[in-house]
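Chemist: just coords:
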């Protein structure tokens, strides 16, 4: 359930305290745009076909493409938990995709990107899909954000999903109540329609631009986690029918427009030479939806799998004069590394509890000799450790995974069923085999042994359900408690009520 991300860091004008005083860079502004379910090849700089992405093309020409940048898990809530906290989602107890009847969410004990920035007096806002718990205590305004406007979870969690379209409404409500739109912690549209979903990209963008204009003279953190290109796809009239790729291409073109509007606001406020933009996604494409899904080409598989098609996402970083133009970084990095990078740039203090990310600022700046700060990255599905990436190598442990097996995906917004396949212990050289097609473990037993040892260390910390290992480093998610305000489903709609006593 994904799209992509943009992070904008703007450095404010600095006035020395006295003549001759040494200038030190003040902390930057940050704009983070996160796209949902966007595949590796879904934008022009990474090979998109059938539609144009001129704003992202320009961003890449003037910035730096990251060709080995990863989400932490190939599914919505899990991926977003890692982005917000700098932790593997398994550490903080957020798995899968939280639904409208979930009674847990992000814990108040975790420190979010917004709370990192609030240490330095930033204005903070989130406009888009949150998906880290929909009850009031879990919403952005209780986790460091001054403002929030958007959907609390994925836009397919509504009673008009194709999977339930043939059922009577009462039966639909048992699976999916109406989809609410939230402003702050108040539901302002209790039942989103298809026509209103068409406006989501526009509404998020308009809010973002106004926020930048309103806070141009103070530091700010703006997070824009778009609902698109997650299915069901919706696009406004201004881009409907514009691409040669059908509705999916139209939707990506509108996302590209949104990026352009945000960057235009930065330029209009004369921040273009003092702004870092990071564009990436929360996971790969939902391939079972076929013509309504993106492409991970030339990577293997997509969302829901721990092959690179599920984890590796298109990423661009841009900061004229600071990030080298028209450059490429092939070193591995992950969304868990964003929080400590922002902490370094803002001068904020890292959380006192353990996090997994490390600053990748040397990679973003293109410093000579810079390499990934991590010894390895770990690929979990749920709580099962499926794979490890170390430098050029990726080791898969035996596991089952969803696949189309060469078949075409669905049409008209309806998915086809996945098959289930199994991979044995396998080692891939991603430098020469980006598609993970040729197992070379027999040629490199020393590499397999080294990576297996790293995996064992991670299992001690975060566990591995495939081996019935619990792990000592996990923290619980937040949970509803007696007296907490909560949203309950009544007549198919979310309604604010008081929490019942835990059973």
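Modeler: Thanks, I have it. A quick note: this is a predicted structure, and the numbers were derived from the prediction, not measured. Numbering: from 1, shown residues only.
Chemist: my read: residue 312 touches residue 284, true?
Modeler: Yes - counting by CB atoms under 8 Å, residue 284 is a contact partner of residue 312 at 7.2 Å. C-beta here means a position set from N, CA and C on the backbone, and glycine is covered the same way.
Chemist: which of those two has more neighbours?
Modeler: Using other CB atoms under 10 Å, the more surrounded residue of residue 312 and residue 284 is residue 284, with 34 against 28.
Chemist: Could you measure from that one over to residue 66?
Modeler: Residue 284 sits at a distance of 15 Å from residue 66 (criterion: CB to CB, to the nearest Å).
Chemist: what sits against residue 57?
Modeler: The contact partners of residue 57, by CB atoms under 8 Å, 6 or more residues apart in numbering, come to 44, 45.
Chemist: what comes up buried for the helix or strand where it lies?
Modeler: Using DSSP states H and E, residue 57 maps to helix 54-62. Buried residues in helix 54-62, counted by 16 or more other CB atoms under 10 Å: 55, 56, 57, 58, 59, 60, 62.
Chemist: Just give me the neighbour total for residue 489.
Modeler: Residues lying near residue 489 (other CB under 10 Å) number 15.
Chemist: what's the closest non-adjacent residue to it?
Modeler: Residue nearest to residue 489 in three dimensions, not counting chain neighbours: residue 177, with 4.5 Å by CB to CB, 6 or more residues apart in numbering.
Chemist: now swap in residue 200 and tell me
Modeler: Sequence neighbours aside, residue 227 is the residue nearest to residue 200 in space, at 4.9 Å (criterion: CB to CB, 6+ apart).
Chemist: my guess is the one you found meets residue 153, correct?
Modeler: No - look at residue 227 against residue 153 with CB under 8 Å: they stay out of range, at 9.8 Å.
Chemist: Residues that sit against both of these two, list them.
Modeler: With CB under 8 Å, 6+ apart, residue 227 and residue 153 have common neighbours residue 129.
Chemist: now the host helix or strand of residue 79: mean pLDDT?
Modeler: According to DSSP H and E, residue 79 maps onto helix 76-85. Mean per-residue pLDDT for helix 76-85: 98.
Chemist: Over to stretch 346-365?
Modeler: Rounded mean pLDDT across stretch 346-365 is 97.
Chemist: quick thing: my sequence starts at 25, can you match it?
Modeler: I'll keep to 25 as the first residue from here, and by that count the last item is stretch 370-389.
Chemist: Would you mark the buried spots in that stretch?
Modeler: 370, 372, 374-375, 379-389.
Chemist: Would you map the helices across this protein?
Modeler: Taking DSSP state H as the criterion, the chain carries its helices at 78-86, 100-109, 113-116, 137-142, 193-199, 218-221, 224-238, 270-292, 332-335, 362-370, 385-389, 469-486.
Chemist: Look up the residues forming beta bridges with residue 517.
Modeler: Following DSSP bridges, residue 517 is listed with bridge partners residue 514.
Chemist: Distance-wise, check it relative to residue 92.
Modeler: In this view, residue 517 and residue 92 are 44 Å apart by CB to CB.
Chemist: Which one's more surrounded, those two?
Modeler: Each of residue 517 and residue 92 has its neighbours counted (other CB under 10 Å); residue 92 has more, 21 against 16.
Chemist: Contact partners for residue 400?
Modeler: Residue 400 touches 412, 413, 414, 475, 478, counting by CB under 8 Å, 6+ apart.
Chemist: farthest-separated two in those?
Modeler: 413 and 478 (10.2 Å; CB to CB).
Chemist: more crowded one of the two?
Modeler: Neighbour totals were compared for residue 413 and residue 478, and residue 413 leads with 24 against 16 (other CB under 10 Å).
Chemist: unless I'm mixing things up, that one is touching residue 401, no?
Modeler: Yes - if you go by CB under 8 Å, residue 413 and residue 401 touch, sitting 4.7 Å apart.
Chemist: intersection of neighbour lists for these two?
Modeler: 94, 356.
Chemist: circling back: can you list contacts of the helix holding residue 103?
Modeler: Defining contact as CB under 8 Å, 6+ apart, one finds that helix 100-109 is touched by 25-26, 29, 58, 60, 95-97, 111-113, 116, 118-122, 130, 134-137, 153-156, 167, 177-178, 249, 254, 306-307, 358-360, 362-363, 379-380.
Chemist: related to what we said a few turns ago, list the residues that contact both of residue 336 and residue 308?
Modeler: Taking CB under 8 Å, 6+ apart as the criterion, residue 336 and residue 308 both touch 64, 320, 323.
Chemist: could I get those as CSV with distance to residue 405?
Modeler: Shown next, in CSV, are these (distance: CB to CB, whole Å):
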residue, distance to residue 405
64, 18
320, 16
323, 16
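Chemist: In JSON lines, list those along with distance to residue 278, neighbour count and pLDDT.
Modeler: Formatted as JSON lines, those follow (distance: CB to CB, whole Å; neighbours: other CB atoms under 10 Å; pLDDT from 0 to 100):
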{"residue": "64", "distance to residue 278": "20", "neighbour count": "29", "pLDDT": "98"}
{"residue": "320", "distance to residue 278": "21", "neighbour count": "30", "pLDDT": "98"}
{"residue": "323", "distance to residue 278": "25", "neighbour count": "24", "pLDDT": "98"}
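Chemist: of all the residues you listed, which comes closest to residue 429?
Modeler: Out of the shared contacts of residue 336 and residue 308, the member with the shortest distance to residue 429 (by CB to CB) is residue 320, at 15.4 Å.
Chemist: Dihedrals phi and psi, the closest one?
Modeler: With angles defined as degrees, to the nearest 10, residue 320 sits at phi -100, psi 10.
Chemist: go on, the one 5 residues further on?
Modeler: Reported as degrees, to the nearest 10, the phi and psi values for residue 325 are phi 60, psi -160.
Chemist: wait, isn't it in contact with residue 425?
Modeler: Yes - judged on CB under 8 Å, residue 325 makes contact with residue 425 at a distance of 6.8 Å.
Chemist: Looking at these two now, which is surrounded by more residues?
Modeler: A count of neighbours by other CB under 10 Å puts residue 325 above the other of residue 325 and residue 425, at 25 against 20.
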